[in-house]
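Trainee: Please work out how this folds:
(chains A and B)
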Amino acid sequence: MSSFGYHGIKRVATSEAARAERAARERSKIEAYRQLCQQTVDLRRDGVLDADSLAVTTALLNQNPEFYTVWNFRREILQRLFADMDVDAVQASCEKEIKLTESLLRVAPKSYWVWNHRRWTLETMPRPSWERELKLIGAMLEMDARNFHVWDYRRYVAKSMGNGDPKAEFDFTTHKINQNFSNFSAWHYRSQMLPKAFADASSQQDVVLQDFELVRNAIYTEPADQSAWLYQRWLLGQEPSLLRSCSVYVVASHPATDDALSSSASAAVVVTFPHGAKLRRGGQIVVTVDGRMVAATPATTMFGRLHAFLLDGAVARGSQIVVEMAAGLFGGNKLDVASVGITTRGTVGDSVTRLEVACDAPANASAASELPLGGVQGDDIWAVELASLKELVEIEPDSKCKYEIA
Amino acid sequence: MALDTLKHVQYIKSLDKKTDTLEYWMTAHLRLNGIYWGTTALALLGHGDALDREQVVEQVLACRHSNGGYGGNPDHDPHMLSTLSAIQVLATYDALDRADTEATAKYVASLQQPDGSFAGDQWGEIDTRFLYCGVSCLSILGRLDLIDVDAAVRYLSACQNFDGGFGSVLGAESHAALVFCCVGALAILDQLHLVDADRLGWWLAERQLKNGGLNGRPEKLEDVCYSWWVLSSLSMIGRLHWINKDKLQEFILSAQDEDGGIADRPGDMPDVFHTLFGVCGLSLLGYPGLQPVDPRYCMPRAVTDRLFSHHPRE
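Mentor: Numbers count the residues shown, from 1 in each chain, chains lettered A, B, ... in the order given. From the prediction side, this is the model:
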């Protein structure tokens, strides 16, 4: 059976006559191609591992780089030839393989078989130049910035260079992201390189905070683009001071002309955790506004880090709000806070209000001492992010971030 | 728009007669995969008898290598990709007794690496596609005992990314086709509890674009084949309802060619690969008249039910 794996080839209507005409045109090509294939099969069967056989495979692979068996035959020939060569001759011969694969990658940049042969060559040659591979990768990503073969190859090359230079790899992702925010392949690699390039906690925190800014710029430039949103989720899990803490916010949306909330759906309590935390089935927080209990419905969980509870009823600016979470309400592997109850309180302000922990958790609970009580810069990231998302919803009512905060 | 079943059956039957095109010869290395794509599509369309059974089985057996593996065509080297296709086709035609499956199981198992991953062949390319091929194949043959299942599961878990998806190797970007491979292997090994289903389900659901079609990665174009890779994964983690089924169905149907076959997207050339995955997608969506497909094996449910009544799935 033929005809598979077309991608993006436009259909052209063909009449029977046009088809016959094409078949006539292709007949001699088919004949020549089949002869070349048969010649290769015969040489392989007869075990002819010499320079002439190598030339036959070159001719065939130039016509069809997907013919994997021919690549296998080619390597068998090369292995045989290398056995009788000195190091410099092997190096020179491998340089020819580098040239061949490079020219084929330009026409078939997604051919697994060509990439494989290039790896084999580099692993076989006495003096591989990994720097040259980085240049090739750079050029290939200029042609198609999302080709996953090339990104996988970059990780392979970096690993082959003794894990290379993580800072240079991190900077490379900055370069690709600045070219095009929409390149999730670059954001993905960035999430791997950031912790390696900035190993000490304080420089890592600085970069994480800078990257929040980078993500905000990307989101404002292209709100519908998923790439930056995905990376933001990773960042939210990285911010070091959050690793120990749970934070509670009230997100309220006050109509411009009124200081009271008219819509019950527009106020929410948001509880954030750095690690996966699951709300116990049927679990509820207890919310009191100006001494009156207000129903709070669990709305959504984002990766177990951000729980939103929609408040039923108006919450006026200036109201005193108390949020109580019973011990064991949230559970999670790394979550100390699950074992203690927490009460937070504050005065409802504009947009996002961070509630202060009231510190009536048991003094002997280790988690209590680690709850965010101070004004550490990183602790405010959630508030900054929520505020900027809210602003974006107002500018771009249809953008994706509606789902992030709702 | 409706599924034009008879035209698709005719299209698939015609594929083997296109020997006057250069393309037929240039794709010779994919012949065994093509037989799997075509015969599976026919079975799901309810026309499993459209091709001569004996001829199909003989074509598959002709690709068999002495070491138990199968190549893409006679005289082509054995490889995981064609070996799985061979076993799937033989299973569908209830002809596994026609070949020495024990040798095939040993060939497949020999490609597992100490870290649990699988190579595609003796040349050592590592990819989660091959891990899936190995697990699916050995499961069909009832010989999962030949491999280190725990190591395979550890490798799969390590491939899960922060966005919930899976890539081709450790550290690779999430890609819907490789999500299918990893989730499929975990499902076959009964280890789906290791998947962060909400996170993965969210990532998969985000593959749907405004036109109803699904893409394979963020900010890429839609393509009919992701109707299978994404949908089967959602189905395995119990979140098929997280996408808009009507819009996807409409998108797949609109990619049908007027002369039969389904293309990657409307207006493009059809091919048997996209024909199968379009039909599979419609089957998972419950399109009337189609046979149910097993989301773990990409084979008719009736076939996997028959297989695993013979020997318990491990």
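
Trainee: Pop out the phi and psi values for the spatially closest residue to B:Thr101 that is not a sequence neighbour.
Mentor: Once flanking residues are discounted, B:Thr101 sits nearest to B:Leu141: 5.1 Å by CB to CB, 6 or more residues apart in numbering or on different chains. Every residue, glycine included, has its C-beta placed from N, CA and C. Dihedral pair for B:Leu141: phi -80, psi 0, per degrees, to the nearest 10.

Trainee: Double-check B:Leu141 against B:Gln88; I have them as touching.
Mentor: No: B:Leu141 lies out of contact with B:Gln88 (CB atoms under 8 Å); the separation is 11.1 Å.

Trainee: what about the two, which has more around it?
Mentor: B:Gln88 (25 against 20; other CB atoms under 10 Å in any protein chain shown).

Trainee: Pull up the gap between that one and A:Leu235, please.
Mentor: From B:Gln88 across to A:Leu235, the span is 42 Å (CB to CB, to the nearest Å).

Trainee: ditto for B:Leu231
Mentor: B:Leu231 is 30 Å from A:Leu235, by CB to CB.

Trainee: between those two, which one's more packed in?
Mentor: B:Leu231 (29 against 23).

Trainee: give the contact list for the more buried one.
Mentor: Applying CB atoms under 8 Å, 6 or more residues apart in numbering or on different chains to B:Leu231 gives the contacts B:214, B:240, B:243, B:248, B:280-281, B:284-285, B:295.

Trainee: Next one: it from B:Ala177, what distance?
Mentor: The gap separating B:Leu231 from B:Ala177 is 12 Å, by CB to CB.

Trainee: Using the three-state scheme, assign B:Ala172.
Mentor: Under the three-state scheme (DSSP: H, G, I helix; E, B strand; the rest coil), B:Ala172 adopts coil.

Trainee: mind listing the helices for the chain?
Mentor: Picking chain A for this. A:16-45, A:51-63, A:68-82, A:87-107, A:112-124, A:130-143, A:148-160, A:166-179, A:184-197, A:201-221, A:226-238, A:366-370, A:381-395, A:401-405 (DSSP state H).

Trainee: The intended chain is chain B.
Mentor: Under the criterion DSSP H, chain B contains helices at B:5-14, B:22-26, B:31-44, B:53-61, B:80-92, B:101-110, B:128-140, B:149-158, B:176-188, B:197-205, B:226-236, B:245-254, B:272-284, B:301-310.

Trainee: Number of residues surrounding residue 16?
Mentor: Picked chain A for this. Residues near A:Glu16, counting by other CB under 10 Å, number 7.

Trainee: wait, I meant chain B there
Mentor: So B:Asp16, with other CB under 10 Å, has 17 neighbours.

Trainee: so what's the nearest residue to B:His47 once chain neighbours are set aside up against?
Mentor: What sits nearest to B:His47 in space, not counting adjacent residues and going by CB to CB, 6+ apart, is B:Val9, at 4.7 Å. Shown in contact with B:Val9 (CB under 8 Å, 6+ apart): B:42, B:45, B:47, B:50, B:260.

Trainee: Tabulate the residues you listed (CSV), appending distance to A:Leu306.
Mentor: CSV is the format used below for the contacts of B:Val9 (distance: CB to CB, whole Å):
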residue, distance to A:Leu306
B:Leu42, 48
B:Leu45, 45
B:His47, 50
B:Ala50, 53
B:Gly260, 49
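
Trainee: residues near the closest residue to chain B within the stretch 201-350 of chain A, how many?
Mentor: In the stretch 201-350 of chain A, no residue comes nearer to chain B than A:Gln226, which is 4.1 Å away by CB to the nearest CB. A count of nearby residues for A:Gln226, using other CB under 10 Å, gives 20.

Trainee: For beta bridges, what are the partners of A:Tyr270?
Mentor: Actually, residue A:270 is Val. It isn't Tyr. Under DSSP bridges, the beta-bridge partners of A:Val270 are A:Tyr249, A:Ala308.

Trainee: List the residues that contact it.
Mentor: Contacts of A:Val270 (CB under 8 Å, 6+ apart): A:248-251, A:306-309, A:382, A:386, A:405.
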